[in-house]
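Novice: kindly return the folded structure for what I paste below:
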Amino acid sequence: MGRPTLFWACLLVTVLEGVTFCRGDVALNDDIKKVTHVLKPGQEKHIDEDYDFQMFCRIGEKKYAAYYFRTATLRITSSAEDIKLIKGHTPRDVYLQYTQSTKWLLWIANVLPWRARDTHFPTFNTSCVGISTTRPYTAMTIIRPVDPWKVLTLAAGIGLFFMAPRLSHSTLFFYSSGTLLGGVAAALVLLFILQRFLPKGKTGYLLMSVVWSMAFYFAGETWKQFEELVHERLPYIVAYLFTGALLSFLACYRWGPPQHPKTLNIITWCLQVTGLVLIHFSSDFVEMSTAIILLIIAYHHCHTFLMYYLERYYRRWFPPPHRLLSEEEYITQGVIETQKGLAELKSFCSSPEAKPWQLVARLNNPRRFSSFIEGGSHLNDDECLAYDNEEPHYLTNSAPRAAISFSNMPTNSSFVFGRNGATMMTSTSPNNMSSRPPQNEMVVTDDEESTEERVVDESLETDDDD
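Specialist: Next up, the predicted model:
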């Protein structure tokens, strides 16, 4: 009989606790609804009664790429100096934080430098902000489609990531960053020295919380009373920070910039990670900022490969227009290519790869060829005179070849363009253009890179040998 009685007693207690909890939860929800306000973009809400604690909520927007730099801010307009802000995801979270917080925590929140008038709303998530004060105030939601600070953060992150290799090798960046870190380290050293004099245990943690609260308080007072600080306290602070920065600069000057490749790589990686962190915090659109980070990393490691294929496909779909050469450009190109071809011919014939004995055996006039290799002209005077006496037919359909002359060339060179290539002539007579091929010319054929001399007029060759 004892066990069933105990069972029913436990069941009754559980039911009563559940009913009590449900009633308490319903009462809590009723209390939350009384102090909760849902603000739309640009909407103002004036609180002139029951302003001890009120909550303002905002429903998150849908995520679009166009909203990447979008921000939402809750602006509070009031003459009160004891504004306390409590943030949470839901009204219940904010209300429980307020009811469970002690006066000590609320006092710490009151002396924080960001206790002021603006607080950030997550753009794409529903969130609430609780406000506790002793005077009337007005709350308004401000929507910025493009926040300049977000744009600057993204630009700074991208620039820092891609400029990290250059900055790690920059002497100016080394000294400036070292000096800045010296000033920050001076402030941290001061806090560390103060911490050493504090007792250990719970009393020490309590005093540290008081110290940090006082530090935040003085930071807030510094922001509010900037003019007074400039006239009275700023010189001492500047002198202390300047001393730390100067010591850091002297240390950088003593040891100099890092030169070891591994040290430079570590600095580069740290700067790149800092740039990626800035990109991550440049928007509340976490998915898109993460995608930007992945694209930047992929481009950084594969940009050469990507640029090659992008340029290749671009030229395939958008080929550059073909531009025809003008007469002057055509002549200039012929001069350059002819001189280049003759120089390559001389270089090849002077090398052991030319097999000089086999080459001489193939020539009809070895003496003339050797003179050309030693620096002589590849055309004789009769050939040049024959070109000078011909009527010019330049670039006509009936002309199989054209001899082009330049009087301003240092060697009075003339060039012959034909189906099998181009040759150059030199003479002392005035130059002109002719469509008739020269009597003798030296060309390089494509079969086995052999060099030969073609003789058009056998009678002239016989006269030259005699």
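Novice: and Leu295, helix, strand or coil?
Specialist: helix (DSSP: H, G, I helix; E, B strand; the rest coil).
Novice: what about it, how many residues nearby?
Specialist: 10 (other CB atoms under 10 Å). Placement of C-beta: from N, CA and C, glycine included.
Novice: test for you: state the pLDDT assigned to it.
Specialist: pLDDT for Leu295: 91.
Novice: for Asn364, same thing?
Specialist: pLDDT, Asn364: 81.
Novice: tell me which element it falls in.
Specialist: Using DSSP states H and E, Asn364 sits within no helix or strand.
Novice: begin at 42, not 1, for the rest of this chat.
Specialist: Right, with 42 as the first residue, what we last looked at is Asn405.
Novice: and it, how far is that from Ser209?
Specialist: 68 Å (CB to CB, to the nearest Å).
Novice: again, but for Pro186
Specialist: Distance, Pro186 to Ser209, using CB to CB: 37 Å.
Novice: these two: which has the busier surroundings?
Specialist: Per other CB under 10 Å, whichever of Pro186 and Ser209 has more neighbours is Ser209, with 21 against 9.
Novice: thought that one was touching Trp310?
Specialist: No. Counting by CB atoms under 8 Å, Ser209 stays clear of Trp310, with 9.0 Å between them.
Novice: quote the end-to-end distance of stretch 177-192.
Specialist: One end of stretch 177-192 to the other measures 35 Å (CA to CA, to the nearest Å).
Novice: what residues does that stretch touch?
Specialist: Under the contact criterion CB atoms under 8 Å, 6 or more residues apart in numbering, stretch 177-192 has outside partners 78, 80-90, 92, 95, 97, 99, 108-119, 121, 124, 162, 172, 323-324.
Novice: among these, name the buried ones.
Specialist: 80, 88, 92, 95, 97, 99, 108-113, 115, 117, 119, 124, 162, 172, 323-324 (16 or more other CB atoms under 10 Å).
Novice: now, which of those residues lie within strands?
Specialist: Of the buried ones among the contacts of stretch 177-192, the ones assigned to strands by DSSP state E are Ile88, Gln95, Phe97, Arg99, Thr112, Ala113, Leu115, Ile117, Ser119, Phe162, Ile172.
Novice: now for those, which pair is the farthest apart?
Specialist: By the measure CB to CB, Ile88 and Thr112 form the most distant pair in those, at 23.6 Å.
Novice: all strands for this structure, in order.
Specialist: 77-79, 85-88, 95-99, 112-119, 125-129, 159-162, 168-173, 178-185, 443-446, 454-459, 462-467, 481-485, 492-496.
Novice: what sits against Ala205?
Specialist: If you count contacts by CB under 8 Å, 6+ apart, then Ala205 has Ile308, Thr309, Trp310, Leu312, Gln313, Gly316 around it.
Novice: turn the residues you listed into JSON lines, including neighbour count, pLDDT and distance to Arg356.
Specialist: Formatted as JSON lines, the contacts of Ala205 follow (neighbours: other CB atoms under 10 Å; pLDDT from 0 to 100; distance: CB to CB, whole Å):
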{"residue": "Ile308", "neighbour count": "20", "pLDDT": "87", "distance to Arg356": "39"}
{"residue": "Thr309", "neighbour count": "18", "pLDDT": "90", "distance to Arg356": "33"}
{"residue": "Trp310", "neighbour count": "12", "pLDDT": "91", "distance to Arg356": "36"}
{"residue": "Leu312", "neighbour count": "20", "pLDDT": "90", "distance to Arg356": "35"}
{"residue": "Gln313", "neighbour count": "21", "pLDDT": "92", "distance to Arg356": "32"}
{"residue": "Gly316", "neighbour count": "21", "pLDDT": "92", "distance to Arg356": "33"}
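Novice: ok, so of these, who is nearest Ala339?
Specialist: Gln313 (13.7 Å).
Novice: for the closest one, which non-adjacent residue is spatially closest?
Specialist: Ala205 (4.6 Å; CB to CB, 6 or more residues apart in numbering).
Novice: go on, Cys293?
Specialist: That would be Gly219: by CB to CB, 6+ apart, it lies 4.1 Å from Cys293.
Novice: quick one: residues contacting that neighbour.
Specialist: Going by CB under 8 Å, 6+ apart, the list of residues near Gly219 reads Ser289, Phe290, Ala292, Cys293.
Novice: same deal with Ile338?
Specialist: With CB under 8 Å, 6+ apart, Ile338 has these contacts: Leu317.
Novice: that older thread, could you check how far the residue nearest to Cys293 is from Pro206?
Specialist: Taking CB to CB, one finds Gly219 at 19 Å from Pro206.
Novice: can I get stretch 208-226 in PDB? Just the C-alpha atoms.
Specialist: Extracted in PDB, the C-alpha atoms of stretch 208-226 (Å, rounded to 0.1, in the frame of the first residue of the first chain):
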ATOM      1  CA  LEU A 208      54.100  45.300 -46.900                       C
ATOM      2  CA  SER A 209      56.100  42.600 -45.300                       C
ATOM      3  CA  HIS A 210      59.200  43.700 -47.300                       C
ATOM      4  CA  SER A 211      58.500  47.400 -46.700                       C
ATOM      5  CA  THR A 212      60.800  49.300 -44.300                       C
ATOM      6  CA  LEU A 213      58.400  52.100 -43.800                       C
ATOM      7  CA  PHE A 214      55.600  49.700 -42.800                       C
ATOM      8  CA  PHE A 215      58.000  47.900 -40.500                       C
ATOM      9  CA  TYR A 216      59.000  51.000 -38.500                       C
ATOM     10  CA  SER A 217      55.400  52.500 -38.500                       C
ATOM     11  CA  SER A 218      53.800  49.300 -37.300                       C
ATOM     12  CA  GLY A 219      56.600  48.700 -34.700                       C
ATOM     13  CA  THR A 220      56.100  52.200 -33.300                       C
ATOM     14  CA  LEU A 221      52.300  51.700 -33.100                       C
ATOM     15  CA  LEU A 222      52.700  48.400 -31.400                       C
ATOM     16  CA  GLY A 223      55.100  50.000 -28.900                       C
ATOM     17  CA  GLY A 224      52.500  52.500 -27.900                       C
ATOM     18  CA  VAL A 225      49.900  49.800 -27.400                       C
ATOM     19  CA  ALA A 226      52.400  47.700 -25.500                       C
END
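Novice: test my guess that Glu328 contacts Tyr105.
Specialist: No. Using CB under 8 Å, Glu328 is not in contact with Tyr105; the gap is 11.4 Å.
Novice: and the chain, what are its domains?
Specialist: Listed domain ranges for the chain are 70-187, 191-316, 324-357, 368-506 (source: automatic domain parsing).
Novice: weakest of the ones you listed in terms of mean pLDDT?
Specialist: Across the domains of the chain, domain 368-506 gives the lowest mean pLDDT, at a mean of 60.
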